[in-house]
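>>> Sequence and predicted structure are below.
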Amino acid sequence: MSKYTPTVEMGLDRMRERARGNFDLRWMNANPAGWGHTATPGPTGLRLRDVETGHYARVPEHGSDHGSMAPRGCFVPDGTRSLGMYTMNEMSEVWADNAGLLYDEAVVRQWNSVTDVPWHKLEKLPDDIERAVCQMCTGLTEVEFVAGDMPAKWLCRINHDFHEVKLFLATQIMDEARHLDVFRKRALANGGGLMMASPGQEELLATILEAPDYTTASALMHIFGEGFVLTLFREGEFLAPTEVEKTIFRLCMQDEARHVAYGVKHLKYFLERHPDRAEQIHKILDLGEQAMFALTLEPQTSEPRAILAGGGLANIELGMARMAFIYAKQVREYLRRLEVAGLDREPRLTIPKEIPFDELAA
Amino acid sequence: MTDTIFPSTAWFQALARRMEHDWAAYRALGSIDCTMVVRVDAPAGPDLHEIVFEGFKVRSVRRLARLDDAAPDHFVLEASLDTWREMIENIQVNAGPDLTHSLNYLTFPDYPMRVTGPDQLEVDAFYRYNQSLQRFFNGAAVVPTVYAA
């Protein structure tokens, strides 16, 4: 009786065959349609779009049903086991025409919080300004990784034939890790620290994470949530008291704009094929708008920004008035992005297009 | 070194040459693929230049007779000549913008600069490539400039 398992015995048998010069070699000609492929690098190097041509550019409307991780375009032997985890097999569920391009862009525009932020330029700030910066960073540390957790929740369910999307979402998870990291670092680096968490943010985060399917979650997070945060990053750069915060917000802004670009193009692709699902998207946006509006007015979210906009606690009211345009800008850009995606949201908007601070103050 | 008139094709080409000279820095920031139209509102009327970025360099610079002549996918960065002048002079004095003269600072409130585009995704390209665009204009620090009357 052998001391080895049947699997090991089978392996040993194969090795004996090879030792006798009997090789299989069928793999060498298993995929004739995919052989002879070449790619020419573009001006920035060899991008996905440079290699995904011909045989390899064919993305199936319905992903392969073998259920394995076998790469799109290869030969998959009969009997290859299904992993039983890919439940998102329709291209329209995840696809965006810019996914491959955004992946390439993400990998060449990576940065890091260790060496790319001029931390040596941090300077002691007035107490009220430091507290405002730290509260803003606390809020951003709290909210940013939803854009990591949400794609991570769906990533392992996406059919491997849609690897452009999977790769892009992987870069987004890394982007959000960096954002969490850099805002936490800023809060802890200059004599302040983390301050108050935001129950309002948690409401919005729950709505994103509990969305019933990927496309509604994406519309809510990529277009609505990240679109609003993109404006907050621009605002952060605008209000930055030193070159350190300015650099952080500028770098984060670029990442966020990539995520928004994917979300807009995905929703466009989806609605072109499923116009009947527009109502479902409207409904999740109803929920998101309500949560975001409540969040906008939460003291720990709005007051630090008003302090920075006013130049200090003494001018917080002036800062609040100065910030009125930011909300209007967020809503305007949100509506315009949905317009690109093919969704006319304006008649359905559940929140005001602008906050009448003057009227409210009167 | 002779002075270069702003705005002019020669001025933007001078920045493009700086970009090539600074290749390693742009390589570190990452590739940039977008079309930017710079609009300068001068007393003599608006002046438009289209700058096409590809990879780590400028592919082309050209003066436009009107905005309709621009590539369909573009964003417009627009301001008065005085605002452009103040920004460029600030970059030259500080070897880069101070806190209140970065592109984002000047455009965020839609005044004194504005970013527009045929649709929001085109405007978003300005945000997506902001570090590279800022560095492009920072090249003005070493371009002796005179201003169109």
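Structure received. What you see is a predicted model, and the numbers here were worked out from it, not measured in a lab.

>>> Quick one: list the elements packing against the helix or strand hosting B:R27.
Using DSSP states H and E, B:R27 sits in helix B:23-29. When contacts are defined as 3 or more Cβ pairs under 8 Å, 6 or more residues apart in numbering or on different chains; DSSP states H and E, helix B:23-29 sits against helix B:130-138. Bear in mind the C-beta positions are built from the backbone N, C-alpha and C, glycine included.

>>> And the helix it packs on, how far out from the chain middle?
Relative to its chain's centre, helix B:130-138 lies at 8 Å (Cα atoms, centre = their mean, to the nearest Å).

>>> what does that helix rub up against?
Residues from elsewhere that reach helix B:130-138, judged by Cβ atoms under 8 Å, 6 or more residues apart in numbering or on different chains: A:250-251, A:253-254, B:15, B:19, B:22, B:25-26, B:29-30, B:32, B:36, B:53, B:58, B:87-88, B:91, B:95-97, B:102-104, B:126.

>>> Would you mind checking the average pLDDT for that helix?
For helix B:130-138, mean pLDDT is 97.

>>> With stretch A:213-232 instead?
Per-residue scores along stretch A:213-232 average to 96.

>>> Taking helix B:130-138 as reference, get the angle to the top helix by length along chain A.
In chain A, with assignment by DSSP state H, the single longest helix is helix A:243-273. Interaxial angle, helix A:243-273 versus helix B:130-138 (axes from the mean of the first three to the mean of the last three Cα atoms, to 10 degrees): 120 degrees.

>>> Pull out the buried residues from helix A:243-273.
For helix A:243-273, the neighbour count (16 or more other Cβ atoms under 10 Å in any protein chain shown) marks A:243-271 as buried.

>>> so which of the residues you listed are also by chain B?
Filtering the buried residues of helix A:243-273 for proximity to chain B by Cβ under 8 Å from any Cβ of the partner chain leaves A:243, A:246, A:249-251, A:253-254, A:256-258, A:260-261, A:264-265.

>>> Now do residue 91, the pLDDT please.
Answering for chain A, as no chain was given. 98.

>>> I was after chain B.
For B:I91, the model assigns a pLDDT of 98.

>>> so which residue of chain B comes closest to chain A?
Using Cβ to the nearest Cβ, the single residue of chain B nearest to chain A is B:G30, 3.1 Å away.

>>> give the contact list for that residue.
So B:G30 contacts A:E105, A:V108, A:R109, A:Q110, B:S132 (Cβ under 8 Å, 6+ apart).

>>> A:D255 versus that one, what's the distance?
To A:D255, B:G30 is 11 Å away according to Cβ to Cβ, to the nearest Å.

>>> A:A328 against A:E354, yeah?
Yes - the criterion here is Cβ atoms under 8 Å, and A:A328 meets it with A:E354 at 4.0 Å.

>>> hey, what's B:V40 bridged with?
For B:V40, the beta-bridge partners are B:D47, B:A79 (DSSP bridges).

>>> Who are the contact partners of it?
B:F6, B:P7, B:P46, B:D47, B:L48, B:E78, B:A79, B:S80, B:L81, B:W84, B:A148.

>>> out of those, who has the most neighbours?
Neighbour counts for those peak at B:W84, which has 27 neighbours (criterion: other Cβ atoms under 10 Å in any protein chain shown).

>>> what's the helix or strand for that one?
Secondary structure from DSSP H and E places B:W84 in helix B:81-94.

>>> quick one: is stretch B:5-19 near chain A?
No - for stretch B:5-19 and chain A, the contact criterion (Cβ under 8 Å from any Cβ) is not met; the two come no nearer than 13.0 Å.

>>> Quick check: buried residues in that stretch?
By neighbour count on 16+ other Cβ under 10 Å, the buried set for stretch B:5-19 is B:F6, B:P7, B:S8, B:W11, B:F12, B:Q13, B:A14, B:L15, B:A16, B:R18, B:M19.

>>> residues in contact with that stretch?
B:4, B:26, B:38, B:40, B:42, B:47, B:49, B:51, B:56-58, B:61-63, B:81, B:84-85, B:88, B:135-137, B:139-140, B:142-143, B:145-148.

>>> make it 7 Å
B:4, B:26, B:38, B:40, B:47, B:49, B:51, B:57-58, B:61-63, B:84, B:88, B:136, B:139-140, B:142-143, B:145-148 (Cβ atoms under 7 Å, 6 or more residues apart in numbering or on different chains).

>>> Output that stretch as PDB - backbone C-alpha positions only.
The C-alpha atoms that make up stretch B:5-19 are tabulated as PDB, following Å, rounded to 0.1, in the frame of the first residue of the first chain:
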ATOM      1  CA  ILE B   5       3.700  88.000 -24.700                       C
ATOM      2  CA  PHE B   6       0.800  86.600 -22.700                       C
ATOM      3  CA  PRO B   7      -1.500  85.400 -24.100                       C
ATOM      4  CA  SER B   8       0.100  83.900 -27.200                       C
ATOM      5  CA  THR B   9       0.900  80.600 -28.700                       C
ATOM      6  CA  ALA B  10       4.600  81.200 -28.100                       C
ATOM      7  CA  TRP B  11       3.900  81.700 -24.300                       C
ATOM      8  CA  PHE B  12       2.000  78.400 -24.000                       C
ATOM      9  CA  GLN B  13       4.700  76.700 -26.200                       C
ATOM     10  CA  ALA B  14       7.300  78.000 -23.700                       C
ATOM     11  CA  LEU B  15       5.400  76.300 -20.900                       C
ATOM     12  CA  ALA B  16       5.200  73.100 -23.000                       C
ATOM     13  CA  ARG B  17       9.000  73.200 -23.400                       C
ATOM     14  CA  ARG B  18       9.300  73.500 -19.600                       C
ATOM     15  CA  MET B  19       7.100  70.500 -19.300                       C
END
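
>>> gap between it and the chain center?
9 Å.

>>> Please apply the same query to stretch A:8-16.
Worked out by Cα atoms, centre = their mean, stretch A:8-16 lies 47 Å from the chain centre.

>>> what is the rounded mean pLDDT of that stretch?
The average pLDDT within stretch A:8-16 is 94.

>>> so where's chain A shaky on pLDDT?
A:357-362 (pLDDT under 70).

>>> burial of the residue in it that chain B sits nearest to, as a residue count?
Minimum separation of chain A from chain B (Cβ to the nearest Cβ) falls at A:R109, amounting to 3.1 Å. Neighbours of A:R109 under the rule other Cβ under 10 Å: 22.

>>> check contacts around it.
Applying Cβ under 7 Å, 6+ apart to A:R109 gives the contacts A:Q254, B:L29, B:G30.

>>> I'd like to know how far the last one sits from A:E202.
It stands for B:G30. 33 Å.

>>> Over to A:T141?
Distance from A:T141 to A:E202, by Cβ to Cβ: 13 Å.

>>> and if you look at A:D65?
The gap separating A:D65 from A:E202 is 39 Å, by Cβ to Cβ.

>>> okay, and for chain B, where does confidence drop off?
Ranges of chain B meeting pLDDT under 70: B:1.

>>> picking up where we left off before, of the contacts of stretch B:5-19, which qualify as buried by neighbour count?
Judged by 16+ other Cβ under 10 Å, buried ones among those: B:4, B:26, B:38, B:40, B:47, B:49, B:51, B:57-58, B:61, B:84, B:88, B:136, B:139-140, B:143, B:145, B:147.

>>> before we move on, the earlier item: nearest to A:R337, of the contacts of B:G30?
Distance to A:R337 across these (Cβ to Cβ) is lowest for A:E105, with 18.1 Å.

>>> Just give me the neighbour total for that closest one.
23.

>>> Tell me the secondary structure of it, please.
Secondary structure for A:E105, judged by DSSP: H, G, I helix; E, B strand; the rest coil, is helix.

>>> So which residues of chain B form helices?
Remark: helices assigned in chain B by DSSP H are B:9-21, B:23-29, B:81-94, B:103-107, B:120-128, B:130-138.

>>> Please, where are all the strands along the stretch 151-300 of chain A?
With DSSP state E, counting those that start in this stretch applied, the stretch 151-300 of chain A shows no strands anywhere along its length.
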